[in-house]
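Engineer: Here is my input, please return the structure:
(one chain, ligands or ions: 2)
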Amino acid sequence: MVKTKALTEHIFRGTPVSGGVAHGVVRLVGERFEEPIVRRIPSKQLKAEWARFTHAVESTRLELQDLMQRLDGDADRSAREILEMHLLVLADSMIQEPVEKAINEQHECAESAYYRVARECMNSFQRMPDAYFRERALDIRDVAQRVLRHLRGEQLDKAGHEKPAICIAHDLTPSETAQLDRTKVLGFAIEHGSKTSHTAIVARSLGLPAVVHLHGICEALHTAEHVLLDGDDGLLILNPTEKTIAHYKARELKAERREARLNLDCRAPAVTLDGRRITVGANAEFVEELKHIQDSGAEGIGLFRTEFLYLENPNASEERLSKVYCKVVQTLSPELVIFRTLDLGGDKLDPANAVEKEANPFLGWRGIRVSLSKRDFFKRQLRAILRASAHGPVGIMYPMVCCAQEVIIANQLLAECREELAQLNVPMADTVQVGAMIEIPSAATIADLITPHVDFFSIGTNDLIQYTLAVDRVNERVADLYQPTHPAVLRLIKNVVAASANKKIWVGMCGEMAGDIVLTPLLIGLGLDELSASSGQVPKVKHAVRKLNTIECSELLQQALQEPDAAKILRMSADVAWRAYPELFEE
Ligand code: PEP
Ligand code: MG
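Structural biologist: Numbers count the residues shown, from 1 in each chain. Ligands and ions are numbered 1, 2, ... in the order given. A predicted model of the protein is given here:
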């Protein structure tokens, strides 16, 4: 029966969020701490069930020891302490003994016995008044996730031994994505997620196909099964036939030719037909993207999301951080690199701070709020960026700004950092550009009050849309309501551009909207100076800009601002785009 399934082509349909096609084997990834299904174990299998459990514990122990061995001396001391704690939790008889009892006396399967005992243990730690003990709940959860994964027979791509594969997951948190060995990933197929979820963003940055909303795939697929992932049409094809594979090969060839044509002039500036120059930068998360970015013709990095490097190594020292930042700046110099200071919180939970679960993390302790309440931690990052500024043009921008005071305080801390480094004779640039991300409606509304404190604005539409429309950017149920062309969003952007023009500072956009070539006519009409998109989109955005005329785009915007229907505004922009650069929409 298994054999029949393995030979039958089966198509799962989802939502495409990053284009391209990948063909390979499946790897189920991502830690899960979900209640397993309870299975009754017959008496004669109890011994084998207990052996299965001890084997999973042993595999977890080896995994943790392997991780410890790969830590980097003193720099990773606190990571070592965490892993030592995890080894203690793993061997704890307080957990092991009740599991053994539940298997042998209640005939409960190892997964559910272990999950139940670990959960009870976590709950009692979580109720303790002392923060130190509450944090132990996280250690238990971390260890339990690993053991449960081994019990499910899933593999983790941390050892780096596996072949490249298509990652299948319920949902991947940014920290899980950050910790994957990305050289072993061919694409992402996700049950949940959304276009602006960070896994989708990372996939686009890495130029990998990704499809979300693929319901039931984690149940239906198994590690090492053969699949084809179509990131353009949102399909995951299990056991593709020869005919299907041939069809996709032909399509891929066509796409490669189209891309090669586009790349011919990707290094030329993006100037509209009537002479308006738009800077087109790239968004980045990881150092390994730099080559792609250089090849894309991007004019610098308009948004470096530093939290992904942080999640890879939360305990990195200032020296180590600055070493990575320097590499980015040196590689891109003389182009500008804008580092966004840490935007932890929301879906990018910092494992070290995730103990107090927030009911609404997107409305909670996030971005600049975290940085301003952990000032030493914030200053460590600011100093690391300032150190990197000795090697090329650098900008710093603050995420999730909601009022001018936050920028004022952040700037004071930046000045302190500069002073501290100067006293140590550390070389750095005399000036770095400082900007605020505009991604909260309050900031967009009072942009004129923030302009005195910044050199530029960068509009983060991924969040600006979700906060303006009260639509969670990763909630599939309300995905239809997530409308970039909603008149309220356009008016807020217009307000930010007007405030920038008054103060003669530049204004860019780094949300996913900036890379959507259907919207380029509207964005030019809005008067943005810079667009920063995933490197794969950069040649297309530059090409689109070159085919547009600012007068026509301004007229489009004027009409759009009179129009209440977001879908109609989208069609109006699409009409202009189709007329101006049909070649970019060819199949
Ligand atoms: C945004 O909100 O548009 C943005 C660029 O930041 P992020 O997607 O990382 O939240
Ligand atoms: Mg954001």
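Engineer: So is the helix or strand encompassing Asn462 next to ligand 1?
Structural biologist: Assigned by DSSP states H and E, Asn462 belongs to helix 461-469. Yes: using C-beta under 6 Å from any ligand atom, helix 461-469 comes into contact with ligand 1 via 461-463. Backbone N, C-alpha and C define where each C-beta goes, glycine included.
Engineer: Please point out which parts of that helix sit buried.
Structural biologist: By neighbour count on 16 or more other C-beta atoms under 10 Å, the buried set for helix 461-469 is 461-469.
Engineer: Also near ligand 2: which of those, exactly?
Structural biologist: Among the buried residues of helix 461-469, proximity to ligand 2 is found for Asp463 (C-beta under 5 Å from the ion).
Engineer: Can I get the buried residues of helix 461-469 in JSON lines including pLDDT?
Structural biologist: As requested, the buried residues of helix 461-469 are exported to JSON lines (pLDDT from 0 to 100):
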{"residue": "Thr461", "pLDDT": "98"}
{"residue": "Asn462", "pLDDT": "96"}
{"residue": "Asp463", "pLDDT": "97"}
{"residue": "Leu464", "pLDDT": "98"}
{"residue": "Ile465", "pLDDT": "98"}
{"residue": "Gln466", "pLDDT": "97"}
{"residue": "Tyr467", "pLDDT": "98"}
{"residue": "Thr468", "pLDDT": "98"}
{"residue": "Leu469", "pLDDT": "98"}
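Engineer: Give me the contact list for the next helix or strand after the helix holding Asn462.
Structural biologist: Beyond helix 461-469 in the direction of the C-terminus, DSSP H and E gives the next helix or strand as helix 487-503. When contacts are defined by C-beta atoms under 8 Å, 6 or more residues apart in numbering, helix 487-503 is touched by residues 438, 441, 444-445, 447-448, 450-452, 456-457, 459, 461, 464-465, 468-469, 483, 506-507, 509, 522, 526-529, 557, 560-561, 563-564, 566, 569.
Engineer: Give me the angle between helix 487-503 and helix 461-469.
Structural biologist: For helix 487-503 against helix 461-469, the angle by axes from the mean of the first three to the mean of the last three C-alpha atoms, to 10 degrees is 120 degrees.
Engineer: Within the sheet, what are the partner strands of whichever helix or strand comes after helix 487-503, with directions?
Structural biologist: Next helix or strand after helix 487-503 toward the C-terminus (DSSP H and E): strand 506-509. According to DSSP bridges, strand 506-509 has the following sheet partners: strand 456-459 (parallel), strand 530-533 (parallel).
Engineer: Nearest to His247, out of those strands?
Structural biologist: Of all the strands paired with strand 506-509, strand 530-533 sits nearest to His247, with 29.2 Å by C-beta to C-beta.
Engineer: buried residues in the closest one?
Structural biologist: In strand 530-533, counting by 16+ other C-beta under 10 Å, buried: 530-533.
Engineer: does ligand 1 sit close to stretch 523-530?
Structural biologist: No: on the criterion C-beta under 6 Å from any ligand atom, stretch 523-530 is out of touch with ligand 1, staying 13.0 Å away.
Engineer: To clarify, my last question referred to stretch 187-194.
Structural biologist: No: if you take C-beta under 6 Å from any ligand atom as the test, stretch 187-194 misses ligand 1, and the best it gets is 11.2 Å.
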